[in-house]
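Novice: structure for this input, please:
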Amino acid sequence: MGQPGRHAFITGGGSGIGLAIATALSGTGCQVTIAGRNAERLSAAAAALPGLHTQRVDVTDAGAVETAIEAAAATSGRVQLLVNNAGGVTSAPFERLSLQSWREALDLNLMGAVHCIRAALPAMRASGWGRIVNIASTAGLTGFGFVSAYVASKHALVGLTKALALEVATAGITVNAVCPGYTDTAIVASAVQKISSATGRTEEEALATLLTTNPQGHLIAPHEVAAAVLWLCSNEAAAVSGIALPIAGGPVG
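Specialist: Here you go, the predicted model:
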């Protein structure tokens, strides 16, 4: 499953799932570039993982993404593994979710991936080999209350995955989505705190509410998501394209 010499570009790579994926791919011999908006996180990740390259970029800015991928390619070679992990969520009842929040959710969770794919795909086509993995969510497979913009954007990302997989099927490129359930990350920790504050329940009780979505009764570990991405990026997964793979402890939807 090793990919020595391949260049992987991972958005949202400074922490959590993104950093776990960077660590896993680096361990196979890949050249790895992580991208994100938070310079401190990128620097800390680079210090912890020797050989890691970083690009500070806002994936909602198409021009900045193109520049970042060009710069990364100049340092580490053409990008042949693209992992679109950058994302975020705003929680509010539908009636209180502003149009600005809708635009931000779609710009980050959907269009961020679109910008990265548009920038990286020509080099993949030229080399006749590529792997694109979109980190979606179980929210891209089913519905959750109070996060309607997030759910809609992740459903759209899954749809993009399936459509693009068909378009590049004969080009040596695969396109897949990985759909984690609630994962042990800062985003989920923040959600637990908000639930606790809003309901008066303890954080342990709030977490227990989230864990009801996982039949195994625990948060997903970032390295479990990374393991799925590692396989989808391998030569052995060449015949797997257009899937939305749940990492959720059981069936979804």
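Novice: next one: the one residue sitting closest to the centre of the chain from residue 179, what distance?
Specialist: When the chain is reduced to its mean C-alpha position, the nearest residue by CA atoms, centre = their mean turns out to be residue 85, at 2.0 Å. Noted for residue 85: a distance of 12 Å to residue 179, by CB to CB, to the nearest Å. Every residue, glycine included, has its C-beta placed from N, CA and C.
Novice: so what touches stretch 120-136?
Specialist: With contacts defined as CB atoms under 8 Å, 6 or more residues apart in numbering, stretch 120-136 is touched by 9, 12, 17-18, 69, 73, 78-85, 87, 113, 117, 154, 157-158, 160-161, 164, 168, 171-180, 225, 229, 232-233, 244.
Novice: and residue 55, helix, strand or coil?
Specialist: Following DSSP: H, G, I helix; E, B strand; the rest coil, residue 55 is assigned to strand.
Novice: contacts only, for it.
Specialist: Contacts of residue 55 were listed using CB under 8 Å, 6+ apart, and they are 9, 33, 34, 35, 68, 69, 71, 72.
Novice: now it, which residues is it bridged with?
Specialist: Beta-bridge partners for residue 55, by DSSP bridges, are residue 35.
Novice: and it, how far from residue 102?
Specialist: Distance from residue 55 to residue 102, by CB to CB: 28 Å.
Novice: can you pull the contacts of the closest residue to residue 72 other than its chain neighbours?
Specialist: In space, and not counting its chain neighbours, residue 72 is closest to residue 33: 4.3 Å by CB to CB, 6 or more residues apart in numbering. By CB under 8 Å, 6+ apart, residue 33 lies in contact with 7-10, 13, 52-55, 72, 75-76, 79.
Novice: which ones among those lie within strands?
Specialist: 7, 8, 9, 10, 53, 54, 55, 79 (DSSP state E).
Novice: that older thread, tabulate the contacts of residue 33 (CSV), appending distance to residue 145 and pLDDT.
Specialist: Output for the contacts of residue 33, formatted as CSV (distance: CB to CB, whole Å; pLDDT from 0 to 100):
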residue, distance to residue 145, pLDDT
7, 40, 98
8, 35, 98
9, 34, 98
10, 30, 98
13, 30, 96
52, 38, 96
53, 40, 97
54, 37, 98
55, 36, 98
72, 39, 98
75, 44, 95
76, 42, 96
79, 37, 98
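Novice: just these now: which is nearest residue 206?
Specialist: If you rank the contacts of residue 33 by distance to residue 206 using CB to CB, residue 13 comes first, at 28.2 Å.
Novice: among the contacts of stretch 120-136, the buried ones, what's the PyMOL command?
Specialist: Provided next is the PyMOL selection string for whichever of the contacts of stretch 120-136 are buried by 16 or more other CB atoms under 10 Å:
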select buried, resi 9+12+17+18+69+73+78+79+80+81+82+83+84+85+87+113+117+154+157+158+160+161+164+168+173+174+175+176+177+178+179+180+225+229+232+233+244
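Novice: out of the contacts of stretch 120-136, which are inside helices?
Specialist: 17-18, 69, 73, 113, 117, 154, 157-158, 160-161, 164, 225, 229, 232 (DSSP state H).
Novice: what's the closest of these to residue 29?
Specialist: residue 229 (15.6 Å).
Novice: by contact count, what packs against the lengthiest strand in the chain?
Specialist: For the chain, the longest strand by residue count, based on DSSP E, is strand 173-180. Taking 3 or more CB pairs under 8 Å, 6 or more residues apart in numbering; DSSP states H and E as contact, the helices and strands that strand 173-180 lies on are helix 112-127, strand 130-135, helix 148-167, helix 222-232, strand 244-247.
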